[in-house]
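Student: no letters, just coordinates:
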């Protein structure tokens with residue numbers, strides 16, 4: 001009964017497999033490389049300040065014999081810097097999206113004027 005209902009249903013365009021040509025594969029590869037670059041940038045902007053703060057703090061604590069004062073202080077500072085970097089990347093990404101949308105609108109308007 002369920003199979004009969006599914007067979008009677010007309011297929012939408014989205015349900016049909018799409019032919020993936022060389023251009024589509026290249027675009028997919030390009031998107032993957034772009035995503036990989038964004039993820040690595042994000043990771044480095046989060047990891048370096050935190051781990052760097054801990055390592056520098058540990059070095060300073062061992063040198064001065066203060067316990068964990070510098071380690072914890074620089075860990076907190078590293079987290080603050082990391083989230084500041086994250087916020088700046090978010091703002092830059094948002095501005096890039098706005099600029100892309102503006103370019104698309106301008107191009108659409110110029111296409112309409114040409115017709």
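Tutor: All right, it came through fine. For clarity, every value in this text was computed on a predicted model and none was experimentally measured.

Student: now do the contacts for residue 47.
Tutor: Shown in contact with residue 47 (CB atoms under 8 Å, 6 or more residues apart in numbering): residue 82. Using the backbone N, CA and C atoms, a C-beta is placed for each residue, glycine as well.

Student: gap between it and residue 55?
Tutor: Noted for residue 47: a distance of 12 Å to residue 55, by CB to CB, to the nearest Å.

Student: pull the number of nearby residues for the residue nearest to residue 69 when sequence neighbours are not counted.
Tutor: Distances taken as CB to CB, 6 or more residues apart in numbering place residue 61 nearest to residue 69, at 6.5 Å, with adjacent residues excluded. Residue 61 has 18 neighbours, counted by other CB atoms under 10 Å.

Student: was I right about residue 61 contacting residue 72?
Tutor: No: in this structure, residue 61 is not within contact of residue 72 by CB atoms under 8 Å, at 9.1 Å.

Student: so the residue positioned nearest the centre of the chain, which of the three states?
Tutor: Taking CA atoms, centre = their mean as the criterion, residue 38 is the residue nearest the geometric centre of the chain, at 4.8 Å. What DSSP: H, G, I helix; E, B strand; the rest coil gives for residue 38 is helix.

Student: check the one 4 residues further on too.
Tutor: For residue 42, the reduced secondary structure class is helix; criterion used: three-state DSSP.

Student: what about it, distance to residue 86?
Tutor: 7 Å.

Student: per-residue confidence averaged over the one helix or strand residue 33 maps to?
Tutor: Per DSSP states H and E: residue 33 is located in helix 22-64. On average, the pLDDT along helix 22-64 is 85.

Student: and the helix or strand just after that helix, what does it pack against?
Tutor: Once the chain leaves helix 22-64, the next helix or strand it forms, by DSSP H and E, is helix 69-114. If you count contacts as 3 or more CB pairs under 8 Å, 6 or more residues apart in numbering; DSSP states H and E, helix 69-114 packs onto helix 22-64.

Student: and the gap between the residue nearest to the centre of the chain and residue 53?
Tutor: 24 Å.
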